[in-house]
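Visitor: Sharing a model that was predicted from the sequence below.
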Amino acid sequence: MTEYVPPKVWTWDQSNGGAFASTNRPIAGPTHEAALRRGAHPLQLHSLATPNGQKVTILLEELLAAGHDAEYDAYLVNISKGDQFSSGFVAINPNSKIPAMIDYGPAEPIRLFESGSIMVYLADKFGAFLSKDVAKRAETMNWLFWQMGSAPFVGGGFGHFYAYAPEKLEYPINRYAMETKRQLDVLDRQLADHEFIAGSEYSIADMAIFPWYGGLALGRSYNAAEFLDVASYKNVLRWARQVDAREPVKRGRCVNTGHGPEDEQLHERHSAADVDKVVTIRKQRGTV
């Protein structure tokens, strides 16, 4: 292998982006004019069923199941086609990452971006899944922000070099595999003494961590379960199966899905009936 010598000043090679070469770029801002669509509900979500997107739709479905008036419209953002760089989306999230949301309920609409920010906002808005007890709230926030800071090493690090990079390179794969396994061990130790991530209560910390680390433990991410020996993290597996069995989690994982069999996709969600149809099909096939 020829050693790479960095130039004095980096320049953008548009072809050197692996699976996402067509959309990755070193500048922000919109690439085209396109207004976002708006449905009938105050909460308008623009997202995709990646782990970051699933965090929010799982929370919304959990809120609905708990009896809260959290009805919402959800629209798929096709990141492979660059939808996240439309003028309408950038107006909500200048960082052009999913998920993003607008709450039209207040007198002045509130824009929301970054999944953790959206989850805290919704938990506070509806008074659910985030304890008002100072100590319990702090512990939940500890783990929520642990996930926000840690998951980029899993997705942008391990996942990118193991599954998406144009060639397999030993050093970055080993580096990020080690960090991913360290993080799984952090969770495994925490879950050895706690039913849920932040203690005895199911919270937004579980909903945020599950799509990333639960997905790894259940063999849904990067086809890497054997490589990472996820079966050795017994406590993470116990917790992942427990969370995965929740009906709102199954429902939330379906929203804004744009891959797989066509009748298992759900590009838009405007009512419970939209999710019912896809969940029923997935249950029949055992793919939920």
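Guide: Done, it's in. None of the values given here were measured: they were computed from a predicted structure.
Visitor: where along this protein do the helices fall?
Guide: All helices of the chain, identified by DSSP state H, fall at 51-65, 87-92, 115-126, 134-152, 170-192, 204-209, 215-217, 225-228, 234-244, 247-254, 272-285.
Visitor: and the third one, average pLDDT?
Guide: So that's helix 115-126. Mean per-residue pLDDT for helix 115-126: 98.
Visitor: Could you check the angle it makes with helix 134-152?
Guide: Taking axes from the mean of the first three to the mean of the last three Cα atoms, to 10 degrees, one finds helix 115-126 and helix 134-152 inclined to each other by 150 degrees.
Visitor: Just the buried residues of helix 115-126, please?
Guide: Within helix 115-126, the residues that qualify as buried are Ser115, Gly116, Ile118, Met119, Val120, Leu122, Ala123, Lys125, Phe126, counting by 16 or more other Cβ atoms under 10 Å. For the C-beta atoms, the positions are set from N, CA and C on the backbone; glycine is no exception.
Visitor: gap between the second one and His68?
Guide: The reference is to Gly116. Using Cβ to Cβ, to the nearest Å, one obtains 20 Å as the distance from Gly116 to His68.
Visitor: One more: the first one?
Guide: To His68, Ser115 is 19 Å away according to Cβ to Cβ.
Visitor: Check the fourth one too.
Guide: With distances taken as Cβ to Cβ, Met119 is found 14 Å from His68.
Visitor: ok, now Leu60?
Guide: In this structure, Leu60 and His68 are separated by 9 Å, where distance is defined by Cβ to Cβ.
Visitor: When the two are compared, which one has more neighbours?
Guide: Under the criterion of other Cβ atoms under 10 Å, the comparison of Leu60 against His68 puts Leu60 first, with 28 against 16.
Visitor: got a list of what the more buried one touches?
Guide: When contacts are counted by Cβ atoms under 8 Å, 6 or more residues apart in numbering, Leu60 is found next to Leu43, Leu45, Ala70, Tyr72, Leu122, Gly252, Val255.
Visitor: hang on, the last one packs against Ala49?
Guide: Yes: the pair Val255 and Ala49 passes the contact test of Cβ atoms under 8 Å, sitting 6.5 Å apart.
Visitor: Overlap in contacts, these two.
Guide: Common neighbours of Val255 and Ala49, using Cβ under 8 Å, 6+ apart, are Thr57.
Visitor: tally of neighbours for the closest residue to Arg111 other than its chain neighbours?
Guide: With sequence-adjacent residues excluded and distances taken as Cβ to Cβ, 6 or more residues apart in numbering, Arg111 is closest to Ile92, at 4.9 Å. Residues within reach of Ile92, counting by other Cβ under 10 Å, total 19.
Visitor: Surely Ile92 and Pro30 touch.
Guide: No: Ile92 sits out of contact with Pro30 when judged by Cβ under 8 Å, with a separation of 11.4 Å.
Visitor: Pull the contacting residues for the spatially most central residue of the chain.
Guide: Nearest residue to the geometric centre of the chain (Cα atoms, centre = their mean): Asn52, 1.4 Å. For Asn52, the contact set (Cβ under 8 Å, 6+ apart) comprises Lys97, Ile98, Pro99, Ser115, Ala151, Pro211.
Visitor: Quickly note the distance from it to Val186.
Guide: Note on Asn52: its distance to Val186, by Cβ to Cβ, is 20 Å.
Visitor: pLDDT value on Ala21, please?
Guide: Note for Ala21: predicted pLDDT of 70.
Visitor: Could you check how far it is from Pro166?
Guide: With distances taken as Cβ to Cβ, Ala21 is found 8 Å from Pro166.
Visitor: Also Tyr202?
Guide: 41 Å.
Visitor: go on, Pro7?
Guide: In this structure, Pro7 and Pro166 are 19 Å apart, going by Cβ to Cβ.
Visitor: got a list of what the residue lying closest to Glu71 once chain neighbours are set aside touches?
Guide: Counting by Cβ to Cβ, 6+ apart, Glu71 lies nearest to His41, which is 4.7 Å off, once chain neighbours are set aside. Shown here is His41, whose contacts under the criterion Cβ under 8 Å, 6+ apart are Glu71, Tyr72, Asp73, His270.
Visitor: same thing with Lys55?
Guide: Neighbour list for Lys55: Pro99, Ser115, Met119, Met207, Ala208, Pro211 [criterion: Cβ under 8 Å, 6+ apart].
Visitor: residues near the closest residue to Val154 other than its chain neighbours, how many?
Guide: Take Val154 and drop its neighbours on the chain: the residue closest to it by Cβ to Cβ, 6+ apart is Thr180, 5.2 Å away. By the other Cβ under 10 Å criterion, the neighbourhood of Thr180 contains 28 residues.
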